[in-house]
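Undergrad: Provided below for reference: sequence and predicted model.
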Amino acid sequence: MLSITALHHLHIFIFVLAVVHVTFCALTILFGGAKVRKWKRWEDSAFKGQHDLPEVQSRIYIHLQDHDFIKNRYEGLGNGYALLGWWHSFFKQFYGSVTKSDYTTLRLGFIMTHCRGNPKFNFHNYLMRTLEADFKKVVGISWYLWLFVVFFLLLNVYGWHTYFWIAFVPFILLLAVGTKLEHIITQLAHEVAEKHVAVEGDLVVQPSDDHFWFNRPRIVLFLIHVILFQNSFELAFFFWIWLQYGFDSCIMGQVRFIIPRLVIGVFIQFICSYSTLPLYVIVTQMGSSFKKAIFDEHIHDGLVGWARLAKKKKTTRNAATESSKVGLHKEDSPALIQLGKLGKTSVMEGSNAGVYSEQK
């Protein structure tokens, strides 16, 4: 179905797509990680203000209206929470997506839920380790993403302007993910405001998987993976057409469709780096469970080594038990034979003695 030249061009496109995707993911993690690192001063401030758990719980009652977290997220929504909450969350992702009050409140909620016995837990280091572990998967290109490429190439029919319309898929997904993550923070504030009028000490939210789509926080990472890949595909296809066939090629399309695609691609890259990624890093920790990155690297390696050693010892112990049982059966057979021989001999001796006594 394809000529040798077409296959060669397809190989070049696959190479360009891989390079662009890895480059864009690296830029996303670079700029987004830089913003997350700025939260380090908030971590230091929270650590200084929270020395131990009893001291936190011994503070006086404070009205919820006095908490910045409630003021910024819930106060003013009133009875229109259902609609205004989503509307507020949509615009919140473009400015001040994560504030200091958001960070300190979510940090305390995580610590009180998952590591209550360690109030000095370094939440910021945990976020950075989680970010590194998750984005090792995002850089890769999964098989279903390659299927999307094939499907898109098959839909590249003249007059459909598929290149233009496909650019809106990652754009819409990005806005939906950012709005959902912001709305989760608003939901946490809503729950506290509905249950309490005043709280003792710092405000503590309750993490739960119920706030996420289908009760699965991992879906957010999957959607970010799709967003970055589709955006990379759009821009990689543009560069490939430009270098391979020229800007005036009929495959390139009309300029009035090219410029919006490039603008959308740059917008997606910017928002994903500075807003969606930091939101993902902190909001996905508000699930019912924690990730293995909660352990330091050397502790995690030690636990893995201990588990392997315990499994090895268990296997060796089971093998030794089985071999001892087999050895016992093998040793029992000669002993039974010997006892049988002794019993037969004693019976014969007893019968001979009886015959001898009758004769006598």
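TA: Thanks, I have the structure now. Numbers count the residues shown, from 1 in each chain.

Undergrad: low-confidence ranges, the stretch 151-300 of the chain, go.
TA: In the predicted model, the stretch 151-300 of the chain carries pLDDT under 70 at residues 159, 196-202, 253, 292-300.

Undergrad: ok, which stretches of the stretch 151-300 of the chain are strands?
TA: 198-200 (DSSP state E, counting those that start in this stretch).

Undergrad: residue boundaries of the helices in the stretch 201-350 of the chain?
TA: Under the criterion DSSP state H, counting those that start in this stretch, the stretch 201-350 of the chain carries helices at the ranges 218-245, 255-271, 277-283, 297-359.

Undergrad: got it, and the stretch 51-200 of the chain?
TA: Using DSSP H, counting those that start in this stretch, helices in the stretch 51-200 of the chain cover 53-57, 68-73, 81-92, 100-114, 123-138, 143-154, 162-166, 168-195.

Undergrad: quick check: buried residues in the last one?
TA: Think helix 168-195. For helix 168-195, a neighbour-count test (16 or more other CB atoms under 10 Å) marks 169-171, 173-175, 177-190, 192-193 as buried. C-betas here are computed from N, CA, C, even on glycine.

Undergrad: kindly report the same for the fourth one.
TA: Burial within helix 100-114, assessed by neighbour count using 16+ other CB under 10 Å, is assigned to 101-114.

Undergrad: please apply the same query to the third one.
TA: Burial within helix 81-92, assessed by neighbour count using 16+ other CB under 10 Å, is assigned to 81, 85, 88, 89, 90, 92.

Undergrad: list the contacts of the fourth one.
TA: By CB atoms under 8 Å, 6 or more residues apart in numbering, the residues touching residue 89 are 179, 180, 182, 183, 185, 186.

Undergrad: from memory the fifth one sits against residue 85, does it?
TA: What that stands for is residue 185. No - applying CB atoms under 8 Å as the test, residue 185 and residue 85 come out as separate, 10.3 Å apart.

Undergrad: hmm, back to that, farthest pair within the buried residues of helix 100-114?
TA: Taking CB to CB, the two most distant members of the buried residues of helix 100-114 are 101 and 114; they sit 20.6 Å apart.

Undergrad: for residue 93, which non-adjacent residue is closest in space?
TA: Spatial nearest neighbour of residue 93, chain neighbours left out: residue 178 (3.7 Å); criterion: CB to CB, 6 or more residues apart in numbering.

Undergrad: my guess is that neighbour contacts residue 273. True?
TA: No - between residue 178 and residue 273 there is no contact under CB under 8 Å: 12.0 Å.

Undergrad: how about the backbone phi and psi for residue 207?
TA: phi -60, psi 150 (degrees, to the nearest 10).

Undergrad: looks like it contacts residue 285 (just checking).
TA: Yes - with contact defined as CB under 8 Å, residue 207 counts as touching residue 285 (7.3 Å).

Undergrad: list residues touching both of the two?
TA: In contact with both residue 207 and residue 285: residue 110, using CB under 8 Å, 6+ apart.

Undergrad: just to revisit the earlier point, so can I have a markdown table of the buried residues of helix 81-92 showing distance to residue 26 and pLDDT?
TA: As requested, the buried residues of helix 81-92 are exported to a markdown table (distance: CB to CB, whole Å; pLDDT from 0 to 100):
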| residue | distance to residue 26 | pLDDT |
| --- | --- | --- |
| 81 | 40 | 61 |
| 85 | 35 | 78 |
| 88 | 33 | 84 |
| 89 | 29 | 86 |
| 90 | 29 | 89 |
| 92 | 27 | 87 |
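
Undergrad: would you format these as TSV with distance to residue 232 included?
TA: Output for the buried residues of helix 81-92, formatted as TSV (distance: CB to CB, whole Å):
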residue	distance to residue 232
81	37
85	33
88	31
89	27
90	25
92	27
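
Undergrad: point to the residue nearest the middle of the chain.
TA: Centroid check for the chain by CA atoms, centre = their mean gives residue 218 as the closest residue, at 4.9 Å.
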